[in-house]
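Engineer: fold the following and give me the result.
(2 chains)
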Protein chains: 2
Amino acid sequence: MAEHELDFVNENDMSMLTDLYELTMCASYFDHRRKEPATFDLFIRRMPPNRAYFVFAGLEQALMFLEKIKFTKEHINYLRKHGFKENFLDYLVKFKFTGEVWAVPEGTIVFPNEPLMRVTAPIIEAQIAESFLLNTVNVQTTIASKASRVVNVAKGKSIVEFGLRRTHGTDAGMKAARCSYIAGCTGTSNVLAGIKYGIPVFGTMAHSFILFFSREIESFRAFAKSFPKTSTFLIDTFDDIKGAKKAAVVAKELEKKGFRLNSVRLDSGDLVEISKKVRTLLDEKGLSYVKIFASGDLDEYRVEELLQKGARIDAFGVGTRMSTSADRPYVDVIYKLSEKMDKNGRFVPAMKLSEGKITFPGRKQVFRAVDGSGKFVKDIVGLHNEKVEGEPLLVRVMEKGEIVYELPTLEKIRETALENLSKLPDEYKRLENAPSYPVEHSPRLKKMVSELTRDLRKVERLD
Amino acid sequence: MAEHELDFVNENDMSMLTDLYELTMCASYFDHRRKEPATFDLFIRRMPPNRAYFVFAGLEQALMFLEKIKFTKEHINYLRKHGFKENFLDYLVKFKFTGEVWAVPEGTIVFPNEPLMRVTAPIIEAQIAESFLLNTVNVQTTIASKASRVVNVAKGKSIVEFGLRRTHGTDAGMKAARCSYIAGCTGTSNVLAGIKYGIPVFGTMAHSFILFFSREIESFRAFAKSFPKTSTFLIDTFDDIKGAKKAAVVAKELEKKGFRLNSVRLDSGDLVEISKKVRTLLDEKGLSYVKIFASGDLDEYRVEELLQKGARIDAFGVGTRMSTSADRPYVDVIYKLSEKMDKNGRFVPAMKLSEGKITFPGRKQVFRAVDGSGKFVKDIVGLHNEKVEGEPLLVRVMEKGEIVYELPTLEKIRETALENLSKLPDEYKRLENAPSYPVEHSPRLKKMVSELTRDLRKVERLD
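Structural biologist: Below is the predicted model of the structure:
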């Protein structure tokens, strides 16, 4: 045990970033020589309040995990000390995921109770994947779905993701940048996301920069000297309007040197009134090219309100509330057994009947029906080989433990998300009181549910 | 740029897990040869709804970051392409944090507007630390504070952190385990947190385990055979009461072999009624030693309600809502310049006046006044060397860029938190409508604020 370390999770340790019960269950399967395959569905149980659709994200990391998962000597030693038996530990040393995975491509708009990933693998391998798959799909789908709402209400105005300082740790900082970009944000403030994902990176200045100089205008002059082509001045440190006047002075000084001030940033106060006054002030000085950038406790509700009230804002920096999905920082994503093998080697459906937490059995596919113009009409969850109207959403992404799917670039995933969104009827994009998108069950799935419920009640003597 | 990777943030890249503006500001400071020291305060601006105190956490990672921060060739190349100048990049290659840091020990109970960390360093070094420090203190303090509420209402009953699958990524999964343990949880389901932090790890079984067998009772028998001394059976897959009866049958089989069933787990339905019925059923079978463990969408409100209604539950698995701090997934933690150096090399106070976002100037200390029995009475924020009643909370933790503080073990941090909590008067532990803990300002701080406000209004011509 390393008592004090900076960053704890690296690729080699991902296998142990898991709930203990995955390993105890697997150890018991191993004890009983249960190696036959099973199918699990990863899906979201219900729609959170004030959401009407999800933007699916996290597949890439899920697949990389399955391809790379392994157990190191340190892991084995830990598990040995915690009572796991040698023959199971020997199995883990050689562990490799060999299963088949079907999934919805990242950026696809999805709804509750639709399988988003479907894993078929020997039971131990399928079970061991659970915690990580849920973790990465949860955070990424949560943030992509939230960010999509912010992008929608901005109606083409640029949204830059500013949330790094309030995301839940380092990985979340990266995933917030990735997923808000997928959802249509223009970029991020997170430099590492620029390096690792190629996302455009933006930055302005903090209040400390202004305070560090003896006068506000000196700080603007200093910054303009360093970044004459790309400066944004933060003007609310003392007084927005007086700050704007000073910004205008320095903008005029820049003009004389052949440069143009990029923008001014507002970060507090009544952004509607202040932005109007600042716009007028800048325009009167012949600075209509200087854009107004706003930040400060923004989210989709605030952005919509600002624009409806006629705020003269060209772009928004949106942080904490979007990057933590503050009004609902999770989706109810679960991973449930839907199919197992009987003693004759035939796949048979499985489901649970827990109160309020029923699951859907069988190897399933999601079919999306569209109208003549390509707009989404409804989805039907059916059985994998069933003939159902609409286009199937799940594609084969992994076979025998290898990725058999060209992982799309982030740009491509973003295109998928924006294209999907353009096909989603507008009523589902309302911030509040949006209708429920229809997700139906196919005739064969319904029949399977009723037959299996009846059988289970008999076998488990529930009546 | 690596297009597809599993885990993106490793120790070497931490310097770039930052907002671009930190680097642009630093580049401009460098351009203007501004190297004099400055002081920044890290503090939380306000108390979130339904919180009355914070459990401070994240210092260890903040200090490790400051000690290890560096810029690699890959970072430099990226910054070069993005227009940073060579002489600044040369500076970054040799960058080392050389400053002094004072901080409140982890586990300390703290309140809004109190400096929790105070960084004094050459301006570039102090500025560059901002994003990471905020990130790690935010997530850790948020989760420790939330978990403390859950632990409080459980009144000594065990709380196990179960949130890995819904935490915001991998790092958050680790920090949720760390911080809920600090706050008094008994352990976590996260195996890697067991390996890396030495936190006790717990696990039961999932519904999939029950479903995978041909009958529920067979799954219990199989698990009991693998883990005869430590089994917990999940009994709600089909019907809690019938599940409990089957668990009792297998518990009796275990008894014959000389073992005792540890517990049964409830995960759905009316936990008050079901737990009472299951308790009676187990007691009637002579299984009063079998504990009842409950999980499923729990948080402090649910746990309090269950116990108030007389639920017969011995321990709780609390996940998503605690591990994401779902009702408020962030604290308003900020990092603000409070002191700079004038042209004569003297430190002078700095503050901003932004509407609703004023900051407090000067090099400060937090003093905690207690009553005769050691209970917390009030805090006073004063100047560093001011004589103020109460014990100072900020201690020197880093000097010349080196940690000069014995980083406490996690057990010690947990003790600090629990001891602090025992000294916090009960009214602040109410889940709702708790009073505001008094945080006052010292006479000298108040005088400094009013004088500086007056001076700034003059210098910046705000009147």
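Engineer: longest helix in chain A, please.
Structural biologist: The longest helix of chain A (DSSP state H) is helix A:130-153.
Engineer: touching chain B at all, it?
Structural biologist: Yes. Legend: contact between helix A:130-153 and chain B by Cβ under 8 Å from any Cβ of the partner chain is shown at A:130, A:131, A:134, A:135, A:136, A:138, A:139, A:142, A:143. Heads up, the C-betas are built off the backbone N, CA and C, glycines and all.
Engineer: among those residues, name the buried ones.
Structural biologist: If you count burial by 16 or more other Cβ atoms under 10 Å in any protein chain shown, the buried members of those come out as A:130, A:131, A:134, A:135, A:136, A:138, A:139, A:142, A:143.
Engineer: buried ones in the helix or strand hosting residue A:452?
Structural biologist: Using DSSP states H and E, residue A:452 maps to helix A:443-459. For helix A:443-459, burial by neighbour count (16+ other Cβ under 10 Å) applies to A:445, A:448, A:449, A:452, A:456.
Engineer: next one: stretch A:145-160
Structural biologist: A:145-154, A:157-160.
Engineer: show me where the stretch 351-463 of chain A has its strands.
Structural biologist: With DSSP state E, counting those that start in this stretch, the ranges of strands along the stretch 351-463 of chain A come out as A:364-370, A:376-383, A:391-392, A:395-399, A:402-403, A:439-441.
Engineer: gap between the helix holding residue A:452 and the chain center?
Structural biologist: How far helix A:443-459 lies from its chain's middle: 34 Å, per Cα atoms, centre = their mean, to the nearest Å.
Engineer: alpha carbons of it, as PDB, please.
Structural biologist: The C-alpha trace of helix A:443-459 is given here as PDB (Å, rounded to 0.1, in the frame of the first residue of the first chain):
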ATOM      1  CA  PRO A 443     -44.600  -8.400 -29.500                       C
ATOM      2  CA  ARG A 444     -42.000 -11.200 -29.000                       C
ATOM      3  CA  LEU A 445     -40.300  -9.400 -26.100                       C
ATOM      4  CA  LYS A 446     -43.700  -8.800 -24.400                       C
ATOM      5  CA  LYS A 447     -44.500 -12.500 -24.800                       C
ATOM      6  CA  MET A 448     -41.200 -13.500 -23.400                       C
ATOM      7  CA  VAL A 449     -41.700 -11.300 -20.300                       C
ATOM      8  CA  SER A 450     -45.100 -12.700 -19.500                       C
ATOM      9  CA  GLU A 451     -44.100 -16.300 -20.000                       C
ATOM     10  CA  LEU A 452     -40.900 -15.900 -18.000                       C
ATOM     11  CA  THR A 453     -42.700 -14.100 -15.200                       C
ATOM     12  CA  ARG A 454     -45.200 -17.000 -15.000                       C
ATOM     13  CA  ASP A 455     -42.400 -19.600 -15.000                       C
ATOM     14  CA  LEU A 456     -40.400 -17.800 -12.300                       C
ATOM     15  CA  ARG A 457     -43.400 -17.500 -10.100                       C
ATOM     16  CA  LYS A 458     -43.800 -21.200 -10.300                       C
ATOM     17  CA  VAL A 459     -40.100 -22.200  -9.900                       C
END
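Engineer: who touches that helix?
Structural biologist: With contacts defined as Cβ atoms under 8 Å, 6 or more residues apart in numbering or on different chains, helix A:443-459 is touched by A:349-351, A:353, A:360-362, A:364, A:381-383, A:386, A:441, A:462-463, B:214-215, B:238.
Engineer: show the buried residues in those.
Structural biologist: Buried subset of the contacts of helix A:443-459 (neighbour count, 16+ other Cβ under 10 Å): A:349-351, A:353, A:360-362, A:364, A:381-383, A:386, A:441, B:238.
Engineer: let me know the closest of the residues you listed to residue B:96.
Structural biologist: Closest to residue B:96 out of the buried ones among the contacts of helix A:443-459 is residue A:364 (56.0 Å), distances taken as Cβ to Cβ.
Engineer: surely that closest one is in contact with residue A:381?
Structural biologist: Yes. Using Cβ atoms under 8 Å, residue A:364 makes contact with residue A:381 at a distance of 5.7 Å.
Engineer: what do the two both touch?
Structural biologist: A:115, A:445.
Engineer: is any part of stretch A:398-414 close to chain B?
Structural biologist: Yes. Interface with chain B: stretch A:398-414 contributes A:407, A:409, A:410 (Cβ under 8 Å from any Cβ).
Engineer: which residue is nearest the middle of chain A?
Structural biologist: residue A:140 (2.1 Å; Cα atoms, centre = their mean).
Engineer: per-residue confidence for the nearest residue to residue A:420 once chain neighbours are set aside?
Structural biologist: Nearest non-adjacent residue to residue A:420, counting by Cβ to Cβ, 6 or more residues apart in numbering or on different chains: residue A:109, 4.3 Å away. Note on residue A:109: pLDDT of 98.
Engineer: next one: residue A:6
Structural biologist: Residue A:6 is assigned 55 on the pLDDT scale.
Engineer: one more: the one 4 residues further on?
Structural biologist: Looking at residue A:10, its pLDDT is 81.
Engineer: what separation do you get for it and chain B?
Structural biologist: Between residue A:10 and chain B the computed distance is 6 Å (Cβ to the nearest Cβ, to the nearest Å).
Engineer: how about residue A:246?
Structural biologist: According to Cβ to the nearest Cβ, residue A:246 and chain B sit 9 Å apart.
Engineer: and that residue, how many neighbours?
Structural biologist: 24 (other Cβ atoms under 10 Å in any protein chain shown).
Engineer: which SS class is it?
Structural biologist: Using DSSP: H, G, I helix; E, B strand; the rest coil, the structure places residue A:246 in helix.
Engineer: next up, the contacts around it.
Structural biologist: Listed by Cβ under 8 Å, 6+ apart, the contact partners of residue A:246 are A:216, A:217, A:220, A:235.
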